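Peer 1: next one to model:
(4 chains)
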2 protein chains.
Amino acid sequence: MRLSTKGRYAVTAMLDLALNGKNGPVTLAEISENQGISLSYLEQLFAALRNKELVRGVRGPGGGYYLGKSADEISIANIICAVDEWVEFTRCGGRQNCSGGARCLTHTLWDDLSSEIFNFLANISLGDLVRRNLNKKEDEESSLSVVADADSQAA
Amino acid sequence: MRLSTKGRYAVTAMLDLALNGKNGPVTLAEISENQGISLSYLEQLFAALRNKELVRGVRGPGGGYYLGKSADEISIANIICAVDEWVEFTRCGGRQNCSGGARCLTHTLWDDLSSEIFNFLANISLGDLVRRNLNKKEDEESSLSVVADADSQAA
DNA sequence: CCATTCCCTAGTAAATCACTTGGTAATTAG
DNA sequence: CTAATTACCAAGTGATTTACTAGGGAATGG
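Peer 2: Residues are numbered from 1 along each chain as shown, chains lettered A, B, ... in the order given. This next block holds a predicted model:
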């Protein structure tokens, strides 16, 4: 299980693409400018995203990137897995010698948690994120209680 | 937002402590043995956990570590924050010059997602994890469908 | 006293991060 | 056709992080 800043860059870039790619492709130069990410680093991230067919590149003037499928079909887990090589840890059914000991139980607990986190992220799509934010702007228009709660707990 | 293998080590160690610390303190040597983590690395992790009062050390022979509070009062987010320095990213209300542009919207979306992930992890306690697993063993005793699903999606 | 345990500092090889440099390949506008 | 534009590709780099080793204390129990 891995969720680094690299994943954040990828999600951020994909969000930018989902937001600005409604009519015509978006160039990496634009995303680089918008999000403050170096062009060449974006190229590396997009190479990984392209391998997983989450984006589609078009070369030449007027070219750029499209989403590889609809924003609703791309989950946050998909994006993070593409660039961050999600490692599902030590289901130690064989490899390790932890036959029923405390080690194996702990590993099982961790694996369950890891799966839960994955499923959580797999159930949020790019489209969800965009829509949720627009709805929130309409509905609330004032407070940001969720974020405030998280901050206070984190501190 | 950060969720590295270091956090995994910390959660694993805390799980071990929750499982084995029912009667008397648990030594880092035991956890090191159980979980296959180097003793000195554990010491560093537990220094961070101690700072956040998630564990309590007792020196001398027969000593070891206790949980700093009950397993139900310790969330996974607490543990990860302790060792991984959870960085809440770029709520760019001031620092950056993204006045209403695509950058700021994307950052807002990311911040919302980040908060959601945090809240998700904040709502799972060590106690939950242990109980959930014990219940599952009683209830199902056969299939591990959740984990299987996650694996197939990850691949 | 002395063994045990926590506690602390420093250093390190390997990996990862975010980036730079310097290209090549395809496509379009003129 | 040419030149500009864009995606694509590879190699390398300083900074940071990871997981660990080494080498010590400081407190406590027998």
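
Peer 1: which residues are in contact with A:Ile31?
Peer 2: Listed by CB atoms under 8 Å, 6 or more residues apart in numbering or on different chains, the contact partners of A:Ile31 are A:13, A:16-17, A:37, A:42. (Glycine included, C-beta is placed from N, CA and C.)

Peer 1: what's the answer for A:Ser125, then?
Peer 2: A:Ser125 makes contacts with A:71-76, as judged by CB under 8 Å, 6+ apart.

Peer 1: which of the contacts of A:Ile31 fall within helices?
Peer 2: Assignment to helices by DSSP state H places the following of the contacts of A:Ile31 there: A:13, A:16-17, A:42.

Peer 1: which of the contacts of A:Ile31 come close to DNA strand D?
Peer 2: For DNA strand D, no contacts are drawn from these by CB under 7 Å from any atom of the strand.

Peer 1: and which of these is nearest B:Phe118?
Peer 2: Using CB to CB, A:Ala13 is the member of the contacts of A:Ile31 that sits closest to B:Phe118, with 21.6 Å.

Peer 1: OK, contacts around that closest one?
Peer 2: Remark: with contacts taken as CB under 8 Å, 6+ apart, A:Ala13 is in contact with A:31, A:35, A:37, A:42, A:45-46.

Peer 1: please tell me how far the residue of chain A found nearest DNA strand D sits from chain B.
Peer 2: Nearest residue of chain A to DNA strand D: A:Gly57, at 2.5 Å (CB to the nearest atom of the strand). In this structure, A:Gly57 lies at 20 Å from chain B, with CB to the nearest CB, to the nearest Å as the measure.

Peer 1: again, but for A:Leu19
Peer 2: As for A:Leu19, its distance to chain B is 6 Å (criterion: CB to the nearest CB).

Peer 1: just to revisit the earlier point, the ones in helices among the contacts of A:Ile31 into a markdown table, with extra columns for distance to DNA strand C?
Peer 2: Output for these, formatted as a markdown table (distance: CB to the nearest atom of the strand, whole Å):
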| residue | distance to DNA strand C |
| --- | --- |
| A:Ala13 | 11 |
| A:Asp16 | 14 |
| A:Leu17 | 17 |
| A:Leu42 | 8 |
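
Peer 1: and which of the residues you listed is nearest B:Tyr66?
Peer 2: Distances from the ones in helices among the contacts of A:Ile31 to B:Tyr66 were compared by CB to CB; the smallest belongs to A:Ala13, at 44.9 Å.

Peer 1: one step back: could I get the contacts of A:Ile31 as a markdown table with pLDDT?
Peer 2: Conversion of the contacts of A:Ile31 to a markdown table gives the following (pLDDT from 0 to 100):
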| residue | pLDDT |
| --- | --- |
| A:Ala13 | 96 |
| A:Asp16 | 94 |
| A:Leu17 | 96 |
| A:Ile37 | 94 |
| A:Leu42 | 97 |
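
Peer 1: most surrounded residue in the contacts of A:Ala13?
Peer 2: Each of the contacts of A:Ala13 was scored by neighbour count (other CB atoms under 10 Å in any protein chain shown); the top score is that of A:Ile31, with 27 neighbours.

Peer 1: with only the CA atoms kept, save the strand or helix carrying it in PDB.
Peer 2: Taking DSSP states H and E as the criterion, the element that holds A:Ile31 is helix A:28-35. Provided in PDB are the C-alpha atoms of helix A:28-35 (Å, rounded to 0.1, in the frame of the first residue of the first chain):
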ATOM      1  CA  LEU A  28       0.900  18.900 -20.800                       C
ATOM      2  CA  ALA A  29       2.300  22.400 -21.000                       C
ATOM      3  CA  GLU A  30      -1.100  23.800 -19.900                       C
ATOM      4  CA  ILE A  31      -1.300  21.300 -17.000                       C
ATOM      5  CA  SER A  32       2.200  22.200 -16.100                       C
ATOM      6  CA  GLU A  33       1.400  25.800 -16.000                       C
ATOM      7  CA  ASN A  34      -2.000  25.400 -14.200                       C
ATOM      8  CA  GLN A  35      -0.700  23.000 -11.500                       C
END
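
Peer 1: touching DNA strand C at all, it?
Peer 2: No - contact between helix A:28-35 and DNA strand C, assessed by CB under 7 Å from any atom of the strand, is absent, since the two come no nearer than 8.6 Å.

Peer 1: now do the helices in chain A.
Peer 2: Counting by DSSP H, residue ranges of the helices within chain A are A:5-20, A:28-35, A:39-51, A:76-84, A:102-122, A:126-139, A:145-154.
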